[in-house]
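Student: My questions are about this predicted structure, shown below with the sequence.
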Amino acid sequence: MALTLPRESVIATSPACHGRPSPQSKGCSLSRAFCRTFRTLSFRGIAIALTEGFSFSIPYAARKGRSFEILGGGEFLGFNTALYWLILLLVLLTVVLTAMPFGNRLLAVGGSADSAHSRGVRVGRVKLSAFVICGALAAFAGTLEAGKLGFADGSMGRLMELQAIASCVLGGCLLAGGRISLVGALLGAFVLSSIQSYLVVMGVAPQWFLLFLGIIVVLAAYGDQSLRQWALKK
């Protein structure tokens, strides 16, 4: 299920209604926040350099603990506990985006930050909250992954940001904002994981999968404006 702004809200928050061009028409078609996100990748290099690729294995004594089993290290009814966290977060985020004011404000800011600000939305607070939630969920996903594998190091999650972006694009999300689909993004992640597994089984070099992800992101960046226009007509 794709979430968009109501038609009345889309018309009201359109920059054209305020007599100024859309921010997406200036230079980069992606939002400034999106571009700045890529710039923060430098901090990962700094962290790896300072820790010298620090890695550790979770002690076997800790693996017997209840908290370890809950955080990705155990199974329930034959499935890893991370699956149940996924379902719980999917339901929770769906409720937030569809039944709470914050979800509507988040979509409004994604659609047009200037227009949302003119209608009383605290754009800076909404963006900050979105980044904080995103970072917390990424950290929690890393915790579940470490619990499942039994170890962690600085290379875990490398280039997964491209996979996450590609999953959202395949799921029907607009990179410029204003339209999202949680279920679609989840299905997109499953599709990419299936493709990656298939390439591994066929003995294809992993570089081809990275090339595939790069092509998806590049095509999405160029086609985002046309997708946005299509979404506004819906």
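Tutor: Arrived safely. Numbers count the residues shown, from 1 in each chain.
Student: How much space separates Val123 from Asp114?
Tutor: 8 Å (CB to CB, to the nearest Å). In this view, the C-beta of every residue, glycine as well, is placed from N, C-alpha and C.
Student: which one of these two has more residues nearby?
Tutor: More crowded of Val123 and Asp114, by other CB atoms under 10 Å: Val123, with 17 against 14.
Student: Determine how far the helix or strand where Glu145 lies lies from the middle of the whole chain.
Tutor: Assigned by DSSP states H and E, Glu145 belongs to helix 123-149. In this view, helix 123-149 has its centroid 9 Å away from the chain centroid, taken as CA atoms, centre = their mean, to the nearest Å.
Student: buried set for that helix?
Tutor: Within helix 123-149, the residues that count as buried by 16 or more other CB atoms under 10 Å are 123, 126-127, 130, 141, 144, 146-147.
Student: Can you show me the CA trace of stretch 167-181 as CSV?
Tutor: Listed in CSV are the C-alpha atoms of stretch 167-181, where the atom choice follows Å, rounded to 0.1, in the frame of the first residue of the first chain:
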residue,chain,number,x,y,z
SER,A,167,14.6,-1.6,-2.4
CYS,A,168,12.6,1.5,-1.8
VAL,A,169,12.7,2.5,-5.4
LEU,A,170,11.5,-1.0,-6.5
GLY,A,171,8.8,-0.8,-3.9
GLY,A,172,7.3,2.4,-5.4
CYS,A,173,8.8,5.1,-3.2
LEU,A,174,9.8,8.5,-4.6
LEU,A,175,13.3,9.6,-3.9
ALA,A,176,12.2,13.2,-3.7
GLY,A,177,9.6,12.3,-1.1
GLY,A,178,5.9,12.6,-0.8
ARG,A,179,5.1,9.0,-1.7
ILE,A,180,6.1,5.9,0.2
SER,A,181,5.2,2.2,0.5
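Student: Check the burial of Ser118 by counting its neighbours.
Tutor: The local packing of Ser118 (other CB under 10 Å) involves 14 other residues.
Student: Please tell me how far it sits from Phe102.
Tutor: For Ser118 relative to Phe102 (CB to CB), the value is 19 Å.
Student: Next: Val204.
Tutor: For Val204 relative to Phe102 (CB to CB), the value is 43 Å.
Student: Near Val95, how many other residues are there?
Tutor: 11.
Student: now the strands for the chain?
Tutor: Shown for the chain, the strands assigned by DSSP state E span residues 3-4, 55-57, 75-76, 79-80, 151-153, 179-180.
Student: To Val218, which of those strands lies closest?
Tutor: strand 179-180 (19.8 Å; CB to CB).
Student: tell me what that closest one is packed against?
Tutor: Helices and strands touching strand 179-180, as assessed by 3 or more CB pairs under 8 Å, 6 or more residues apart in numbering; DSSP states H and E, comprise strand 3-4, helix 101-111.
Student: most remote residue from this protein's center?
Tutor: Within the chain, Ala61 marks the point farthest from the mean C-alpha position, 34.0 Å out by CA atoms, centre = their mean.
Student: Show me which helix or strand of the protein is least confident by mean pLDDT.
Tutor: helix 7-13 (a mean of 37; mean pLDDT, DSSP states H and E).
Student: possible to save the helices and strands packed on strand 179-180 as a markdown table with mean pLDDT and distance to Leu83?
Tutor: Output for these, formatted as a markdown table (pLDDT from 0 to 100; distance: least, CB to CB, whole Å):
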| stretch | mean pLDDT | distance to Leu83 |
| --- | --- | --- |
| strand 3-4 | 54 | 23 |
| helix 101-111 | 84 | 24 |
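Student: nearest to Val191, of those?
Tutor: Taking CB to CB, strand 3-4 is the member of these nearest to Val191, at 20.1 Å.
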